[in-house]
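Undergrad: coords below, sequence missing:
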């Protein structure tokens, strides 16, 4: 399985470092303890002998063995020399390097127990820090004694993510305690299955993320709580939960109740044991909340994964208030046949009932019941969080020295009473386990290295040469061609020519979308009043119109008036123009070239007004001055007229984007012609497409602002131009209006006389109709008002087209002319000095082979570094043995 290189972050900068060199330096080995083949540790009588069986066997306790190395509890941790320190540190560093993911599990200590067994207090006593009582994820604590004097106590918190949350398999229910605002809150998380023992958590490549650092012990509990909350929110960034940062949100809601990902603490300070251990979530049999019963199996399966490893030392927490036979954690130990690697820790000794159960505990301490390979220890922790570690240890020592049965009946086991004794014991058995495992670890590392080297030799050869320079050269050619297209001036580069055709078509389309004035259709059989040429006379018979309403306005003065059906393909009710014409936006692939609609449906975007619409608009803004028009009335109609620019403008921008994509992709394919079947071409296309799309998003914002300016307040600075446009519109409208009224006049006369004159005769009659015969136009004020609307439109739309096109040329074109190459270099990852691997991947015939080669090379580097560390460590241990 391909695995990522494990990295650690410091602040906002991610670095890959040599953790052994960071932590260990070049200190000389102190020979306070001799590393013999059989490492001696204390037993129930002050002495204990550790033996080995097999390459991964655990240290076995012989309670009756003779002394081989003796020391008292008062000596505490001083018995551990720097050789032991190096062993513990080495395993921690190998684990952080990622060796455990590549070869085999490393020696470790795991703390397990049921809920409410005093496990948290036990952890606090060993590590000297406060930990949250409720935790839904494992906690890894690495303790290292600091003897250098600088930075006397430091704690670094990080998050080790080895599992990905996949909550898509849950059932759509609302679970208590899961945040309702999150995407996963509507799903009941998946429980454990045979194929997925950790339910929704899927194994992935482990990666370490820096969380926080402190030199104040009082800060650890709060940092640890937020680190656990971050771990229980797998769909959010852990940066949101780091106290004291700008991203901190102080939201304690958790998306999940359980996570197998680890919160890691690295603590260094004076008088600390050289110890590394895991604290796992408490084992439960039944959840208090029925909806959370799925957690029972998830926690049990996680515990099993840890404790079944042959080189894992298990700490089993058992409260002396309960029967050990009822312990769920103890049953898991037995089920995995892990008793020989387990040490029992008896908690809450102050609550033991001497008369009822003392015999049972004597038998347990003597190894006669519930026997464990490493025997039992007893600790008493102060539940008061305000009591510091030193005071708690002093009170604990006094408790065992002065209280029965500990100072009387059980006195012979006093070397296993107290946290300090336990710390020393755990350090010793972990050291023995590490020393015993080193040869096997070294062999596994070498075997894995051999496998990697064999596979690397089997892979096809990687592209050779200065690959970074080759890519740079191609990108330089590509950039030059794109600049030639944008700058224009050469017939070989057609971008500007094609785009100017689009711009002209865009201008023509807006010209064709001038506002239209619609009049009622002419009729054949209507009987209309002579006194009112357009108003039906009450009581007289009149027929329905035989034709659609007719435009008296059009896109140009020379156009023949057309029916509304010809104009839009749809009927309008009585000239009502409230429903505007709309058009489906085409997909990019459907707009190979933007075209004006002048040849087919030239007015498809026009806003149409009937005389009634105009009259209503004037009445809505009535002023008590006869013959005057309120400017607000014409402004409202102007805004309705220019609102139709939205769709044509959007289509113009779509066509511009399609043209630029076609041009850029064409030049990209020519520049990378020799790499057509490689990853670089598809990646470059993806980057260019994303770049253009994002640039067009910004371009649309600019154009939207330009349109907003026009919509906000109609404005004309050049008075002569707007006056001329308005006068021209008025003359044309009045001419068309008189023609229409003359036709209506003849229609009335013909209808009354039941005659059907010839076309020539009708034309002659129209020419002879005088203004006196027609009378005053009842809609003269409306004609004047709509001429102002049309005049402003003719003045404003060329200005709008100029602004839009200028913004495209100065923003969108210059954006990809100047920045596209830089974006390609950065996102292709070819700008770094050490980007040869990335370039080889981009140019490989089979990218999967190159990805495998890159991953194997990284694993090889890790294992080579680990091999070197192990060799140096072996020499240190041998030197200790000789000494």
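TA: Structure received. Everything numeric in this text was worked out from a predicted model, so none of it was measured.
Undergrad: CA only for contacts and neighbour counts going forward, please
TA: Will do.
Undergrad: ok, and the closest residue to residue 482 other than its chain neighbours, which helix or strand is that part of?
TA: Nearest residue to residue 482 in three dimensions, chain neighbours excluded: residue 817, at 6.3 Å (C-alpha to C-alpha, 6 or more residues apart in numbering). Assessed by DSSP states H and E, residue 817 sits inside helix 814-828.
Undergrad: got the buried residues for that helix?
TA: Across helix 814-828, burial judged by 16 or more other C-alpha atoms under 10 Å covers 815-817, 820-821, 823-825, 828.
Undergrad: kindly report the same for stretch 260-278.
TA: Buried-residue list, stretch 260-278, by 16+ other C-alpha under 10 Å: 260-269, 272-278.
Undergrad: any weak-confidence spans in this protein?
TA: 1-84, 147-151, 168-190, 353-356, 521-604, 624, 626-627, 753-760, 875-883 (pLDDT under 70).
Undergrad: off-centre distance for the helix or strand following the helix holding residue 817?
TA: Next helix or strand after helix 814-828 toward the C-terminus (DSSP H and E): helix 836-843. Distance of helix 836-843 from the chain centroid (C-alpha atoms, centre = their mean, to the nearest Å) equals 26 Å.
Undergrad: can you list contacts of helix 836-843?
TA: The contact list for helix 836-843 (C-alpha atoms under 8 Å, 6 or more residues apart in numbering) reads 462-464, 466-468, 471, 675, 678-680, 829-830, 847, 850-851, 854.
Undergrad: narrow the residues you listed to those in helices?
TA: 467-468, 471, 679-680, 847, 850-851, 854 (DSSP state H).
Undergrad: now those in JSON lines, with neighbour count and distance to residue 801?
TA: Below are the ones in helices among the contacts of helix 836-843 laid out as JSON lines (neighbours: other C-alpha atoms under 10 Å; distance: C-alpha to C-alpha, whole Å):
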{"residue": "467", "neighbour count": "19", "distance to residue 801": "46"}
{"residue": "468", "neighbour count": "20", "distance to residue 801": "44"}
{"residue": "471", "neighbour count": "19", "distance to residue 801": "40"}
{"residue": "679", "neighbour count": "19", "distance to residue 801": "41"}
{"residue": "680", "neighbour count": "21", "distance to residue 801": "39"}
{"residue": "847", "neighbour count": "16", "distance to residue 801": "47"}
{"residue": "850", "neighbour count": "23", "distance to residue 801": "51"}
{"residue": "851", "neighbour count": "18", "distance to residue 801": "50"}
{"residue": "854", "neighbour count": "18", "distance to residue 801": "53"}
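Undergrad: same list, these, but as TSV with distance to residue 671 please.
TA: As requested, the ones in helices among the contacts of helix 836-843 are exported to TSV (distance: C-alpha to C-alpha, whole Å):
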residue	distance to residue 671
467	15
468	15
471	10
679	14
680	11
847	20
850	23
851	24
854	27
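Undergrad: what about residue 461, neighbour count?
TA: The number of residues packed near residue 461 is 12, by other C-alpha atoms under 10 Å.
Undergrad: after the host helix or strand of residue 109, next one along is what?
TA: Using DSSP H and E, residue 109 sits in strand 108-113. Scanning forward in sequence from strand 108-113 by DSSP H and E, the next helix or strand is helix 119-127.
Undergrad: okay, angle between that next one and strand 108-113 too, please.
TA: Here the directions of helix 119-127 and strand 108-113 differ by 150 degrees (axes from the mean of the first three to the mean of the last three C-alpha atoms, to 10 degrees).
Undergrad: helix 119-127 packs against which elements?
TA: Helices and strands touching helix 119-127, by 3 or more C-alpha pairs under 8 Å, 6 or more residues apart in numbering; DSSP states H and E, are strand 108-113, helix 419-458.
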